[in-house]
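Participant: Requesting a structural model of the entry that follows:
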Amino acid sequence: MTLVSLFLRAAVRLAWSFVGRRDGAVTATATILYHGGALPRDQGLERLVCNDLLRNENFMLLFLINMMQCFM
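Facilitator: Reported below is the predicted structural model:
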């Protein structure tokens with residue numbers, strides 16, 4: 001039961017990162033792509049990246065970033 005609650009909490013945090021802000025979908029997607037290595041290191045793109053999404057134990061987001069780093 002504990003694993004299910006951890007998964008649900010992480011899924012809710014990931015969903016909230018997409019819909020919780022006015023531009024949440026753009027910033028969450030840019031954060032995943034930027035830290036995953038799919039976006040170039042550019043000052044214009046760094047403004048879209050929200051590092052606060054990585055600080056609050058968003059395990060699903062970190063999992064997606066790590067999977068992208070493995071295949072890039």
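Participant: quick one, phi/psi of residue 71?
Facilitator: Dihedral angles phi and psi of residue 71 (degrees, to the nearest 10) take the values phi -100, psi 0.
Participant: sorry, that was for residue 52
Facilitator: Given degrees, to the nearest 10, the pair of backbone angles that residue 52 has is phi -70, psi -20.
Participant: pLDDT score for it?
Facilitator: The per-residue pLDDT reported for residue 52 equals 77.
Participant: how about the residue nearest to residue 48 when sequence neighbours are not counted, what does it touch?
Facilitator: Nearest non-adjacent residue to residue 48, counting by C-beta to C-beta, 6 or more residues apart in numbering: residue 30, 3.8 Å away. Backbone N, C-alpha and C define where each C-beta goes, glycine included. Taking C-beta atoms under 8 Å, 6 or more residues apart in numbering, we find residue 30 in contact with 39, 45, 48, 49, 50.
Participant: what do you get for residue 68?
Facilitator: By C-beta under 8 Å, 6+ apart, residue 68 lies in contact with 32, 33, 36, 37, 38.
Participant: By neighbour count, which of those wins?
Facilitator: residue 32 (21 neighbours; other C-beta atoms under 10 Å).
Participant: Can you give me the pLDDT of that one?
Facilitator: Residue 32 carries a pLDDT score of 84 in this model.
Participant: and the closest residue to it other than its chain neighbours, how many neighbours?
Facilitator: Closest residue in space to residue 32, ignoring its immediate chain neighbours: residue 64 at 5.4 Å, by C-beta to C-beta, 6+ apart. Using other C-beta under 10 Å, residue 64 has 18 neighbouring residues.
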